[in-house]
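Asks: please find the sequence and the predicted model below.
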Amino acid sequence: MLAATMIAALLIVLPQPVFAAEAHELPGAAMSLWWALPFAGLLLSIATGPLLFPHVWEHHYGKIAAAWAALVVIPLAIAFGVPAASEAVLHTLLTEYLSFIILLFALFTISGGILVAGNIHGTPLVNAGLLLVGAILASIIGTTGASMILIRPILRANDNRPFNAHVVIFFIFLVSNIGGSLTPLGDPPLFVGFLRGVDFFWTTVHILPDTLFVGGLVLLIFLVLDIVLHRREAGMPKIKDPTPDTKVRIRGLANLPLLAGVIGAILLSASWKPGVSIPVLGVGLELQNLARDAIILALAWLSLRVSYKSHREANGFNWGPIAEVAKLFAGIFICIVPVIAILRAGHDGALAPLVALVTTADGRPNDLAYFWLTGALSSFLDNAPTYLVFFELAGGDAKHLMTEAASTLAAISAGAVFMGANTYIGNAPNFMVFAIARHRGFKMPGFFGYMAWSGLVLIPTFLIAGFLFFG
């Protein structure tokens, strides 16, 4: 992983007493916007690389991420000293990135051992039911897990229909994004919030009305559209079903208690606070967090032991997607370090205009602005670092955001999760689902064609939801 490479490099370059030094905070008020350039460059690379230079990106994305990360680490060490730079970067990697990627790795691994075999006919009601089940599962096993388990069954159910691309598009809307808004397991930005101190069930309570409205309206639009298209298909020549209907069976059930174990480990770390901090490379790691990550890794290992290889092969399981996420997010977490330092400076920092944009004339947070700005950036950048940027912009204090500023945190959370569906690159599962569907012969729209769908369906829905809940 890129994170391990960066840590190893720091260990080689830095003398060991550096890591024993007390914490050194970066002077955000004295930092210019030039420090945000590597972060913007990396996110722009992620957004355009697969489209503009796909072959180069496929083979060298890790090196590109490492180069952007180096453009942060080296200048920080030169400008503010090695102790301050190393403490800031290592604190981010050890306390946030590793826990973040461990959870994604475990959900990806365990869900990959669960196979939904067999086939049913993709009628409008069946499709709507599958989307509803997937949206519910997304908050339990993550948008990535739910997408990888259910995308192939829904493709098989609709592979004999002349009009079927819309089914995949709404699958991305609901299963790969909107459905993951209720727990830290659901979507990466919410787990970042959990790592920052947001209670596990906070979003379950505070985002539930928003999710029911947005998800319900999008599902209703899908049902009406699918009924219309299904009736149009009745007068068209029949297409031979390449996957005839057979009894549906769920294989790999041994993985279900392992998923429950992941949830239990996270709940344990949220409720058990022994007050023990273990220094690792000079960064204090809480015992409950170390225990949680160790348990989650053990459960992922157990999944590999108890799952049948044939089930993973039938799911098309491979390590490529999670390896890409691990490398890119290591770079993102490093590049965002100076951005967070500037945001913490508030009105004294270089991002003061952004602070003013989400603040009313009397100094209160503008929740509607938080919702749309977080969502707009989450549509084209990765929604996890976007969430983190606006989380810090709102003060970065989880206790305050969960209580006095609860509506602001809800706006940030909803914007990051919901609007990751606006483009293929807004959330990690989007492009994976697109690639799988295209490989199976579905005529999927291109990048801007997909945005036409999201513009017609999602943007009006978000406009209504924004004024209802945050206006």
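Replies: In hand now; what should we look at? Numbers count the residues shown, from 1 in each chain.
Asks: list the residues that contact the residue nearest in space to the middle of the chain.
Replies: Closest to where the C-alpha atoms of the chain average out (C-alpha atoms, centre = their mean) is residue 188, at 3.3 Å. Contact partners of residue 188, counting by C-beta atoms under 8 Å, 6 or more residues apart in numbering, are 100, 104, 382, 383, 384, 427, 428. Quick note: C-beta positions are derived from backbone N, CA and C, even for glycine.
Asks: could you point out which element follows the helix or strand hosting the second one?
Replies: Here residue 104 sits within helix 98-111, counting by DSSP states H and E. Moving toward the C-terminus from helix 98-111, the first helix or strand encountered (DSSP H and E) is strand 115-119.
Asks: what are the pairing partners of that following strand, and which direction each?
Replies: Strand 115-119 sits in its sheet next to strand 246-251 (antiparallel), going by DSSP bridges.
Asks: so for the strand it pairs with, mean pLDDT?
Replies: With pLDDT averaged residue by residue, strand 246-251 scores 82.
Asks: just the buried residues of it, please?
Replies: Buried residues in strand 246-251, counted by 16 or more other C-beta atoms under 10 Å: residue 251.
Asks: ranges for the strands of this protein?
Replies: Using DSSP state E, the strands found in the chain span residues 115-119, 246-251, 277-280, 283-286.
Asks: and residue 195, which of those strands is closest to it?
Replies: Shortest distance between residue 195 and the strands of the chain, using C-beta to C-beta, is found for strand 283-286: 10.8 Å.
Asks: using PDB, write out every CA atom in that closest one.
Replies: C-alpha atoms of strand 283-286 as PDB (Å, rounded to 0.1, in the frame of the first residue of the first chain):
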ATOM      1  CA  VAL A 283       1.200   8.800  17.500                       C
ATOM      2  CA  GLY A 284      -1.200   7.800  20.300                       C
ATOM      3  CA  LEU A 285      -3.600   5.100  19.100                       C
ATOM      4  CA  GLU A 286      -6.600   4.300  21.300                       C
END
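Asks: pLDDT averaged over it - what is it?
Replies: The predicted model gives strand 283-286 an average pLDDT of 86.
Asks: so which bits of that strand are buried?
Replies: Within strand 283-286, the residues scored as buried using 16+ other C-beta under 10 Å are 283, 285, 286.
Asks: and if you look at stretch 111-119?
Replies: Buried residues in stretch 111-119, counted by 16+ other C-beta under 10 Å: 111, 112, 113, 114, 115, 116, 117, 119.
Asks: now do it: distance from first to last residue.
Replies: 19 Å (C-alpha to C-alpha, to the nearest Å).
Asks: if you average pLDDT over it, what comes out?
Replies: Stretch 111-119 carries an average pLDDT of 82.
Asks: same deal with stretch 123-143?
Replies: Stretch 123-143 comes out at a mean pLDDT of 93.
Asks: about what we covered before: and residue 408, which of the strands of the chain is closest to it?
Replies: Closest of the strands of the chain to residue 408 is strand 283-286, at 26.2 Å (criterion: C-beta to C-beta).
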